[in-house]
Structure formats: C-alpha cells, structure tokens
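Visitor: With the sequence up front, the predicted model follows.
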Amino acid sequence: MNKCFLILSFIYLAEGQQEVSVHLKQDVTLVCQSSSVENISVLKWSRSDLNSDGYVYFYRNKRCFENYQHPWFHGRVMLRDAGMKGGDASLILKNATFKDAGIYECHLLVRELVESRRSYSEISHVINLTVTDAAEARGNMRDNLIHPEDPDGNTQSRDAAAGRSHIVAVVALVAAVAVLVVAGFITIRSLTRKTKAVLY
C-alpha cells in the first residue's frame, strides 16, 4: 500500500512545475516535500544548465557533500530543516542574484520498509525561479499610474483617442458658436427690414 502511494506521489510531483519569483538580494525558499516520512537517503538539488559543474546541493547518508557542490552556491544554500523532518527537503537560497534564475530540480531517493524488505522510491520536483529587481518593479508601477496602459499594454492608443476626443469637442464648440452668430445676424437683418418698412 505504501509503495503504491509513493509511486502515485512520484508521478504527481514529476508532472508539476512550480513558478517562484524573488526580488534581487532577497532570500528565497525552493520547496520540495516528500509524501513519505521515511528516511531520505539521497537528496540532489540541481540546475539543468550547471549539472556538468556540480550540484546546487548534494546530500547522502545523513551528510552534505560540499565537494560535489557548484562553487557558485558555496555558503549560499541550506536546508530549511536540517533533519528533513516530515520529508521536508526544501532549500533556502540566500541573497538572490540574476545569475540564480533558472530551472531547479529536487531529486529524492527515499528509503522505506515494505513487508520487512528495504525498498527505494524516487521523487522529483521542478521549480522555475525568476529573479526581479524590486526598484525596477516599483518604477514600472509608478509609470503605470502616470501613464495607464490599455488592455493590450499600449499607452499610445489611449493618447491618440484622447487627442481625437479633444479635437471633436473643439470642432463642436466652434460649430455651435458659428450657428449662434449666423442666427443672430439673420435676426438683426429681419428686425432692420421691419423697422424700415414701418418708417416708409
């Protein structure tokens, strides 16, 4: 029963990809959770573009092997729970930089006992990490408040529409004034003719 449950969990974790975003120079937690509370024999945190140069984090038989670790991550990563209680293999990445952006994979080899026999189950979890500049994000937000975009993200169309509306309003006003002037002129001429007719 346990073995079947672990197989189902493996399939679920392998299919999903988590999207995580962090601001520049902030710490971020890359979550990796085993569905089993049994012993984790091997934990490998890797990044696809760095595999040939070492792991992000490598753990085997209750100890971390820094000599297997990529130099870029030395002193910058640690387990959220050093004892990985409850199957928590999440990793904390400190002081994120733009170079930390990428696709990370957490690979677990979990040891369990089934009918007095030792067996292993593998669990894989993928995370896509994005690193953003907080100052740039605030600047974009400020620009959006000053120049709100239309649903297509185009401020020029809104500016053009506003310009056309202004022109239409001016033309309408000029036309109304012209109509009033003409009507006034016609009224004055009519009164003048009536006055002349009375005099003669």
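Guide: Nice, I can see it. Worth saying up front: this structure is predicted, and the values here are computed from it rather than measured.
Visitor: Can you read off the backbone torsions of Tyr100?
Guide: For residue 100 the amino acid is Asp, not Tyr. Per-residue torsions, Asp100: phi -80, psi -10 (degrees, to the nearest 10).
Visitor: For it, give its distance to Ile127.
Guide: Going from Asp100 to Ile127 by C-beta to C-beta, to the nearest Å gives 12 Å. Placement of C-beta: from N, CA and C, glycine included.
Visitor: before we move on, what about Ser52?
Guide: 20 Å.
Visitor: higher neighbour count, these two?
Guide: Using other C-beta atoms under 10 Å, the more surrounded residue of Ser52 and Ile127 is Ile127, with 21 against 6.
Visitor: Does anything pack onto the one helix or strand His125 maps to? Which helices or strands?
Guide: Following DSSP states H and E, one finds His125 within strand 117-132. Helices and strands touching strand 117-132, by 3 or more C-beta pairs under 8 Å, 6 or more residues apart in numbering; DSSP states H and E, are helix 2-15, strand 17-23, strand 28-30, strand 102-114.
Visitor: and with 6 Å instead?
Guide: helix 2-15, strand 17-23, strand 102-114 (3 or more C-beta pairs under 6 Å, 6 or more residues apart in numbering; DSSP states H and E).
Visitor: Who does it pair with, and is each partner parallel or antiparallel?
Guide: strand 17-23 (parallel), strand 102-114 (antiparallel) (DSSP bridges).
Visitor: how about low-confidence regions in the chain?
Guide: Scanning the chain with the threshold set as pLDDT under 70 gives 1-16, 36-38, 113-116, 136-166, 168, 170-171, 174, 177, 179, 181-200.
Visitor: Can you give me the end-to-end span of stretch 23-34?
Guide: Start-to-end span of stretch 23-34 (C-alpha to C-alpha, to the nearest Å) is 27 Å.
Visitor: And for that stretch, what's in contact with it?
Guide: By C-beta atoms under 6 Å, 6 or more residues apart in numbering, the surrounding residues in contact with stretch 23-34 are 22, 87-96, 104, 106, 108, 110, 123, 125, 127, 131-134.
Visitor: same question, stretch 79-89
Guide: 32-34, 36-37, 40, 43, 90, 92, 108.
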